[in-house]
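Asker: below are the sequence and a predicted model; questions follow.
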Amino acid sequence: MSLIRLFRVSSLFGALWLLSPLAQADALADLISQAQADVQQGKAQQAYESLAAEEPNYAGNADYDYWFGLTAVRAGQPARASFALERAVLEKPNHAGARLELATAYVQLGQRDAAADELEKLETLNPPPEAQQRIDAINKELNRQASNERQRRNGGYVGAEVGNDDNVGTWPEGLEFFPGATLSAVDSTFVSLKGGYWHRFDLAPDQKLTLSGNAMFRRNQEDEAEQFDQDYLGGRAEWVKDVDGRNEWAVSADLSGLNLDGESYYTMYGVGTEYRQQVSDSAKFITGLQVRQVAFDLDVYDYMATRLLGRITNKPSARWDLSFDFTVDYEAADNGRAGGDSVIYGISGLAWYQLAAKHRFGSSLGYSKVGYRSDYEVGQAINGDSGSRDDDRVTVSLLYDWFPGQRWQVRGQALYRDQQSSLDAFTYDQAVISAGLNYYF
C-alpha cells in the first residue's frame, strides 16, 4: 500500500472516530427532545419506556439520567427514578432539577429523611419561584406523612426466618469433661416464626402509654439440637412523659419467658426508667436504669441484674444512621450461683448505610467484659477446672435489608461471636447465618 493511500485510509478512520461521539450525542439529544415532547403531551409512560430501553447505552450521562429519572417519577416508578437521579446528582451535585425530582421519588418510596435531606440541599441552590412551589408542596406532604405516623395508635409485624447455627448450645469445642469424653459443638439449620403487636393510649397531650407484646418460636432441624428449640414470649408497658418537646421521661415494666424443648428455662420480670433528650434534629441521647429479676427453672442460676445504660443515636446524613451503647451490669446471684455475683462492662456500635431507596447495609460491633466475684470450685464447671472466671466476648454482625414494598422487609444477617474465658469450659465461638421475611401492619 502506497504512503498516500495509507494516509487516506488512516484519515478516514480518524474522521469516523471523531464523528462517532458526535453522532452519539446527537442521538441522545434527539432521544431527550422526544421524551420532553411526550411529557408535555401527557405521555409520561411512553417517554419513560423509550428512555428505559436506552439505559445500558447512556446510564452515567447526567442529562440522560435526569430525564430518565423525571419520566420514571411521572410514570410511577420511584425506585427506578431514584437510581437514575442519584447518578445525576453524583455527577452534577448542583443539578437542582435532579435533586427536586429525587426528593419526589423519595417521598413516593416513603423515605422521608432522604427526601428532607434533598430539600435542604435545594434551599442552598436558590431555586426559582416555580421550583419553590414544588418544594413547598413536598414539604407539606412530608409533614402530613410524619403527622400520620405520630397519630398511629397501633401496629405490628409477622415474620419467618431460616438459617444455620454452627454452635447452637454455645458449647466449647473439643472440651474434655472427663477422660475419654469430649464435647463437640452442635451445628444445625433452624426455622423461626415471630410476631409482635403494640398499642398506644394517649393519656394526656404530654403523656402516652404503650403496651406491646412479641413472640418467637425456633425449631432446630438436627436431632442433637432439639434440646435447644426455643419458645419465647414477652410483654412490655411503657409510660412516656413529654417535658418540652425535646426532653422526655419514660418508665417501663417488662415480663418475658423462655422455654427450651418445651420445658421452662427462665422467667424474667423487671422495671426501668429512661431520660431521653433530642440534642439536635439528627442526634439523640438516652440514659437509663433497669432492674431485672431472672428466675431459672433450676433455682441455682437465679440472679437480679441492675443495668446502667447510655445511648447516643445520630443521623449525620440521609444515608447514614449511627448508634452507640454503653452499659454496666451488676448481677447479684441468688442461691449460691457458681461464680457468685458478676460485673459486666459493655460497649457496642451499629451503623446503617442507605445504599438506595429500598436497600440498606448495616454492621455492628460489640465488646463486653465479665468478671465474677467468687472462684469456681471443682465440679462447678463442665470439666475439672476451678478458680477465677473472667470472660471477654466480641460480637460482629453484617446485615442487609431490602424493602420490596412499604410493608415488606427482607433481611439477611451474618453474626459471629467469640468468647475467651479464663476457664476453658466457657470459651467458645459461634457463627449464625440467616435470611428472613417480615410484614409490617
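Answerer: Perfect, thanks for sending it. Numbering: from 1, shown residues only.

Asker: for residue 107, see how far away residue 120 is.
Answerer: 14 Å (Cβ to Cβ, to the nearest Å). (C-beta placed from N, C-alpha, C; glycine too.)

Asker: more neighbours: which of these two?
Answerer: residue 107 (23 against 12; other Cβ atoms under 10 Å).

Asker: list phi and psi for the residue nearest to the more buried one when sequence neighbours are not counted.
Answerer: Distance criterion Cβ to Cβ, 6 or more residues apart in numbering; nearest residue to residue 107, sequence neighbours excluded, is residue 115 at 4.8 Å. Phi and psi for residue 115, reported as degrees, to the nearest 10, are phi -60, psi -40.

Asker: residues touching residue 115, list them.
Answerer: 103-104, 106-107, 138, 142 (Cβ atoms under 8 Å, 6 or more residues apart in numbering).

Asker: outline the domain layout of this structure.
Answerer: Structurally, the chain divides into domains by automatic domain parsing as follows: 21-147, 154-440.

Asker: mean pLDDT lowest where, among these?
Answerer: Lowest mean pLDDT within the domains of the chain: domain 21-147, a mean of 87.

Asker: residue contacts, residue 193?
Answerer: Contacts were defined as Cβ under 8 Å, 6+ apart; by that measure residue 193 touches 158-161, 216-217.

Asker: could you do residue 289 as well?
Answerer: Contact partners of residue 289, counting by Cβ under 8 Å, 6+ apart, are 272-273, 306-309.

Asker: the same query, at a cut-off of 7 Å, please.
Answerer: For residue 289, the contact set (Cβ atoms under 7 Å, 6 or more residues apart in numbering) comprises 272-273, 308.

Asker: likewise for residue 190?
Answerer: Residues in contact with residue 190 (Cβ under 7 Å, 6+ apart) are 163, 165, 218-221.

Asker: and residue 156, by the same measure?
Answerer: Contacts of residue 156 by Cβ under 7 Å, 6+ apart are 195-198, 441.

Asker: please indicate which of those are buried?
Answerer: 195-196, 198 (16 or more other Cβ atoms under 10 Å).

Asker: on that earlier part again, quick one: which of the contacts of residue 289 is most hemmed in?
Answerer: residue 272 (18 neighbours).

Asker: nearest to residue 348 among the contacts of residue 289?
Answerer: residue 308 (14.6 Å; Cβ to Cβ).

Asker: residues in a beta bridge with the residue nearest to the closest one when sequence neighbours are not counted, which ones?
Answerer: Distances taken as Cβ to Cβ, 6+ apart put residue 328 closest to residue 308, at 4.6 Å, once the chain neighbours are dropped. Beta bridges link residue 328 to residue 308, residue 345 when assigned by DSSP bridges.

Asker: I'd like the distance between residue 328 and residue 305.
Answerer: Relative to residue 305, and taking Cβ to Cβ, residue 328 is found at 11 Å.

Asker: between these two, who's got more neighbours?
Answerer: The neighbour comparison of residue 328 against residue 305 (other Cβ under 10 Å) goes to residue 305, with 17 against 13.

Asker: show me what contacts that one?
Answerer: 292, 294, 329, 331.

Asker: kindly report the same for residue 84.
Answerer: Listed by Cβ under 7 Å, 6+ apart, the contact partners of residue 84 are 65, 68-69, 72.

Asker: among the residues you listed, name the ones in helices.
Answerer: 65, 68-69, 72 (DSSP state H).

Asker: of the residues you listed, which pair is most distant in space?
Answerer: 65 and 72 (10.2 Å).

Asker: picking that back up, residue 398: which of the contacts of residue 193 is nearest?
Answerer: The closest of these, once distances to residue 398 are taken by Cβ to Cβ, is residue 161, at 15.8 Å.

Asker: isn't the closest one up against residue 192?
Answerer: Yes: counting by Cβ atoms under 7 Å, residue 161 touches residue 192, with 4.3 Å between them.

Asker: so how far does stretch 383-398 reach from one end to the other?
Answerer: This stretch, stretch 383-398, spans 34 Å end to end (Cα to Cα, to the nearest Å).

Asker: what about the helices in this structure?
Answerer: Ranges of helices within the chain are 3-40, 44-52, 55-58, 62-74, 78-91, 96-109, 112-123, 129-151, based on DSSP H.

Asker: quick one on the thing from earlier: mind putting the contacts of residue 84 into a markdown table with distance to residue 350 and neighbour count?
Answerer: Converted to a markdown table, these look like this (distance: Cβ to Cβ, whole Å; neighbours: other Cβ atoms under 10 Å):
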| residue | distance to residue 350 | neighbour count |
| --- | --- | --- |
| 65 | 32 | 27 |
| 68 | 35 | 31 |
| 69 | 31 | 30 |
| 72 | 32 | 25 |
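
Asker: pretty sure residue 114 sits against residue 108.
Answerer: No: using Cβ under 7 Å, residue 114 is not in contact with residue 108; the gap is 11.4 Å.

Asker: more neighbours: which of the two?
Answerer: Applying other Cβ under 10 Å to residue 114 and residue 108 shows that residue 114 carries more neighbours, namely 22 against 18.

Asker: returning to what we had before: turn the helices of the chain into TSV, including distance to residue 365.
Answerer: Listed next are the helices of the chain as TSV, based on distance: least, Cβ to Cβ, whole Å:
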stretch	distance to residue 365
helix 3-40	46
helix 44-52	41
helix 55-58	38
helix 62-74	36
helix 78-91	28
helix 96-109	29
helix 112-123	24
helix 129-151	30
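
Asker: so how far is residue 316 from the nearest residue to residue 318 once chain neighbours are set aside?
Answerer: Nearest in space to residue 318, with sequence neighbours left out and distances taken as Cβ to Cβ, 6+ apart, is residue 117 at 3.4 Å. Relative to residue 316, residue 117 is positioned 10 Å away (Cβ to Cβ).

Asker: what about those two, which has more around it?
Answerer: The neighbour comparison of residue 117 against residue 316 (other Cβ under 10 Å) goes to residue 117, with 20 against 10.

Asker: contact partners for the residue nearest to residue 409 when sequence neighbours are not counted?
Answerer: Take residue 409 and drop its neighbours on the chain: the residue closest to it by Cβ to Cβ, 6+ apart is residue 438, 4.5 Å away. Shown in contact with residue 438 (Cβ under 7 Å, 6+ apart): 157, 159, 409, 411.

Asker: who does the second one form a beta bridge with?
Answerer: When bridges are called by DSSP bridges, residue 159 pairs up with residue 194, residue 438.
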